[in-house]
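Engineer: okay, here's the prediction I keep looking at, along with the sequence it came from:
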Amino acid sequence: MLEPDDLPLAGTTVLDFSQFLAGPVAALRLADLGARVIKVERPVTGEIGRTLAFAGRWKDGDTLSFHAMNRGKEAVVADLKDPGDLARVKALVARADVLIQNFRPGVMERIGLDPAAAMALNPGLVYASASGYGADGPWAGRPGQDLLAQSVAALPWVTATGDRPVPVGLAIADHLMSCHIAEGVTALLVRKARTGRGGLVETSLLEGVLDLQVELLTARLNDPALASGRGPHSAHGYLPAPYGLYPTADGHLAIAMAPVDRLGRLLGVEELAARADPAAWWDDRARIERLLADRLRTAPTRRWLEVLDAADVWCAPVLTLEQLIEHPAFEAVGMTQVVERPPAEPGGEPVRLTTTRSPIRIDGEVLTSGRAAPRLGAQGRLADGADPFADPFAAHGDG
């Protein structure tokens with residue numbers, strides 16, 4: 001396990017004003033890389049993610065999703081509408097390395113913590129601003145939320161089956177934006193190390209989802225006549241057969257890029273074995289996919305894996321979440337860790353939670369941390385004189 005000083009962002013302090021998912025996860029990614037992250041939350045309720053329950057699940061007074069997105073952080077309480085608290089927050093901003101916020105456009109300007117004002121307090125500050133649809137344009141004031149961003153970016157039609165739009169069943173826009181925020185912050189920290197100058201990084205849910213569709217958008221922008229379409233088993237709007245998911249006798253099988261005629265010979269389907277022209281793999285993909293599905297339904301997934309793996313065809317079983325967690329490959333990659341929150345009262349029991357770890361390895365080592373998400377105001381109320389910068393070891397205190 002890496003020592004704290006060996007982590008790339010050791011010595012970097014981040015003020016996390018964000019809420020929901022994208023901003024907090026961006027700050028989490030920085031924390032996993034060694035940054036000290038201090039959440040600045042409103043009194044009483046904290047940020048809304050503390051009560052936005054994923055699957056209705058809670059632990060130790062906070063939602064499981066909050067625990068997952070805020071592990072390894074500290075927390076102070078401040079009322080940004082109170083002039084005294086706001087002055088104390090500005091004093092923190094003057095000493096921080098990074099500020100992350102994802103309020104609607106105009107909120108930080110109204111309270112005097114917009115990029116220009118914050119960097120006037122601290123010229124070396126890296127300021128990260130995340131929004132739903134950018135600061136300008138007709139959608140700037142609309143609520144920035146994952147499903148809504150997917151929808152206006154046409155993503156449900158990209159993943160559609162037939163004539164019904166199907167959204168991605170995860171908060172993909174939020175998670176993408178968290179990666180882009182963390183990438184931009186890290187890049188500006190590198191520039192700051194070189195020049196001493198901070199800077200502003202901005203992105204939005206919309207831009208992240210549009211970037212995700214680089215293949216589709218590039219194809220469509222350069223050929224307006226090209227229509228995206230999915231065959232009955234397709235997994236991509238612009239890739240030919242056999243790229244897709246197919247039912248088997250006991251589950252489903254994913255097949256990536258492979259010559260259709262070769263697949264036909266391996267699977268014993270004469271009509272497919274005769275289709276040697278790659279142009280037909282696009283033009284006739286609906287027919288090809290149906291022939292593949294009819295054949296693959298006749299035997300279990302394991303049998304087809306034996307046949308196709310032996311021929312080095314790119315394929316994989318389509319696992320359920322339960323099957324994934326039980327699979328030896330899941331254990332081998334070691335993507336889980338146990339985090340611990342100290343007891344709320346002296347003599348109480350610590351609270352332990354199993355969650356995922358950072359997917360990054362540094363110097364051959366996985367990045368793990370045993371510190372759970374902080375309780376609201378774990379490092380105190382600014383109005384009561386709390387100063388998280390006063391004690392460099394506060395991060396190891398009460399979670």
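Structural biologist: On my side now, so go ahead.
Engineer: how far is stretch 347-358 from where the chain is centred?
Structural biologist: Computed by C-alpha atoms, centre = their mean, to the nearest Å, the chain-centroid distance of stretch 347-358 equals 21 Å.
Engineer: buried set for it?
Structural biologist: Neighbour counts using 16 or more other C-beta atoms under 10 Å place 351, 353, 355, 357, 358 of stretch 347-358 among the buried residues. The C-beta positions use only the backbone N, C-alpha and C, and glycine is treated the same way.
Engineer: stretch 68-88: end-to-end distance?
Structural biologist: With C-alpha to C-alpha, to the nearest Å as the measure, stretch 68-88 spans 29 Å from end to end.
Engineer: tell me the one of the buried residues of stretch 347-358 nearest residue 382?
Structural biologist: residue 351 (25.5 Å; C-beta to C-beta).
Engineer: which residues does that closest one contact?
Structural biologist: Contacts were defined as C-beta atoms under 8 Å, 6 or more residues apart in numbering; by that measure residue 351 touches 59, 60, 340, 341, 343, 372.
Engineer: quick one: contacts for residue 80?
Structural biologist: With C-beta under 8 Å, 6+ apart, residue 80 has these contacts: 42, 86, 89, 111, 113.
Engineer: so how do I select the buried members of those residues in ChimeraX?
Structural biologist: In ChimeraX, this line selects whichever of the contacts of residue 80 come out buried by 16+ other C-beta under 10 Å:
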select :42,86,89,113
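Engineer: which one of the contacts of residue 80 is nearest residue 266?
Structural biologist: residue 42 (60.7 Å).
Engineer: residues contacting the closest one?
Structural biologist: Contacts for residue 42 were tallied using C-beta under 8 Å, 6+ apart; they are 77, 78, 79, 80.
Engineer: from residue 163, how far out is it?
Structural biologist: Residue 42 sits 44 Å away from residue 163, taking C-beta to C-beta, to the nearest Å as the criterion.
Engineer: just residue 248 next, same as before
Structural biologist: The gap separating residue 248 from residue 163 is 26 Å, by C-beta to C-beta.
Engineer: neighbour count: those two, which is higher?
Structural biologist: Neighbours around residue 248 and residue 163, counted as other C-beta atoms under 10 Å, are more numerous at residue 248. The numbers are 21 against 6.
Engineer: which residues does that one contact?
Structural biologist: Counting by C-beta under 8 Å, 6+ apart, residue 248 has contacts 296, 297, 299, 300, 301, 304.
Engineer: for residue 237, same thing?
Structural biologist: So residue 237 contacts 158, 216, 228, 229, 230 (C-beta under 8 Å, 6+ apart).
Engineer: just the pLDDT at the second one, thanks.
Structural biologist: pLDDT recorded at residue 216 is 89.
Engineer: C-alpha coordinates for the helix or strand hosting it, PDB please?
Structural biologist: According to DSSP states H and E, residue 216 maps onto helix 214-222. The C-alpha coordinates for helix 214-222 follow below in PDB (Å, rounded to 0.1, in the frame of the first residue of the first chain):
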ATOM      1  CA  VAL A 214     -18.000  11.000 -30.600                       C
ATOM      2  CA  GLU A 215     -18.400   8.100 -33.000                       C
ATOM      3  CA  LEU A 216     -22.000   8.600 -33.800                       C
ATOM      4  CA  LEU A 217     -21.900  12.400 -33.900                       C
ATOM      5  CA  THR A 218     -18.800  12.400 -36.200                       C
ATOM      6  CA  ALA A 219     -20.500   9.900 -38.600                       C
ATOM      7  CA  ARG A 220     -23.700  11.900 -38.700                       C
ATOM      8  CA  LEU A 221     -22.100  15.400 -38.900                       C
ATOM      9  CA  ASN A 222     -20.000  14.300 -41.900                       C
END
